[in-house]
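>>> Any chance you can model this:
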Amino acid sequence: MKLSILFLTCANNQEADKISTALLEKKLVFCVKKQPVSSSFLWKGKIDLSDEVLMIIETLENNFKKIDKEVSKLHSYDTYVLMAVPVSQTTDKVEKWVKAELSK
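From the prediction side, this is the model:
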C-alpha cells in the first residue's frame, strides 16, 4: 500500500466541499484538508492572481487516475492543477486506519 498526497486548487470553498464529498463517498480518498490561499500563476502569457482554496488530499497512489476523472466532472476550471507527491513513511496506526476505511 503506497500512500500519496495530492494538491488541488479550487475556485472557492463550495467547489472544494463538493469535490471532497464526492471523493470521500467513492472511497477514493481517506482525508481532505482545505485551506484558503492566494495564488500567483502564469495564465495565457500573463501573471494572474486569484484567491482559491487549496485541497490537500490523502489517498492511495493508485487512485490518482480515478480521482482525476471525478475532479474533471466537478471542477469549474478548464485547466485545474492536480499534483501528487508520494509518501515515503507513515505510522502503523495511519496504515491501519486507511486500510479499515477504504475497505468498507
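>>> Next, the spatially most central residue of the chain: secondary structure please.
Geometric centre of the chain, nearest residue: Ile57, 3.8 Å, by C-alpha atoms, centre = their mean. Counting by DSSP: H, G, I helix; E, B strand; the rest coil, the backbone at Ile57 sits in strand.
>>> which residue packs closest to Glu101, ignoring adjacent ones?
Phe30 (5.2 Å; C-beta to C-beta, 6 or more residues apart in numbering). All C-beta spots, glycine's among them, are computed from the backbone N, C-alpha and C.
>>> Quick check: that neighbour vs Gly45, distance?
Remark: distance between Phe30 and Gly45 (C-beta to C-beta, to the nearest Å) = 39 Å.
>>> Ok, Lys99 next?
47 Å.
>>> Could you do Cys31 as well?
Taking C-beta to C-beta, one finds Cys31 at 37 Å from Gly45.
>>> out of those two, which sits in the busier spot?
Cys31 (15 against 5; other C-beta atoms under 10 Å).
>>> my read: that one touches Glu58, true?
Yes - at 4.2 Å, Cys31 counts as touching Glu58 under the criterion of C-beta atoms under 8 Å.
>>> any weak-confidence spans in this structure?
Where the chain drops to pLDDT under 70, the residues are 104.
>>> tell me the strands in it, going along the chain?
3-10, 29-43, 46-60, 82-86 (DSSP state E).
>>> So in the chain, which helix runs the longest?
Ranked by residue count under DSSP state H, the longest helix found in the chain is helix 13-25.
>>> Now do that one and strand 3-10, the angle between them.
With axes from the mean of the first three to the mean of the last three C-alpha atoms, to 10 degrees applied, the angle from helix 13-25 to strand 3-10 works out at 150 degrees.
>>> which of the residues in helix 13-25 are buried?
Using 16 or more other C-beta atoms under 10 Å as the test for burial, helix 13-25 gives Glu15, Ala16, Ile19, Ser20, Ala22, Leu23.
>>> same deal with stretch 76-90?
Tyr80, Leu82, Ala84.
>>> What is the burial count for Pro36?
With other C-beta under 10 Å as criterion, Pro36 counts 11.
>>> could you give the angle of the longest helix of the chain to strand 29-43?
140 degrees.
>>> Show me what helix 13-25 is packed against.
strand 3-10, strand 29-43, strand 46-60, helix 64-74 (3 or more C-beta pairs under 8 Å, 6 or more residues apart in numbering; DSSP states H and E).
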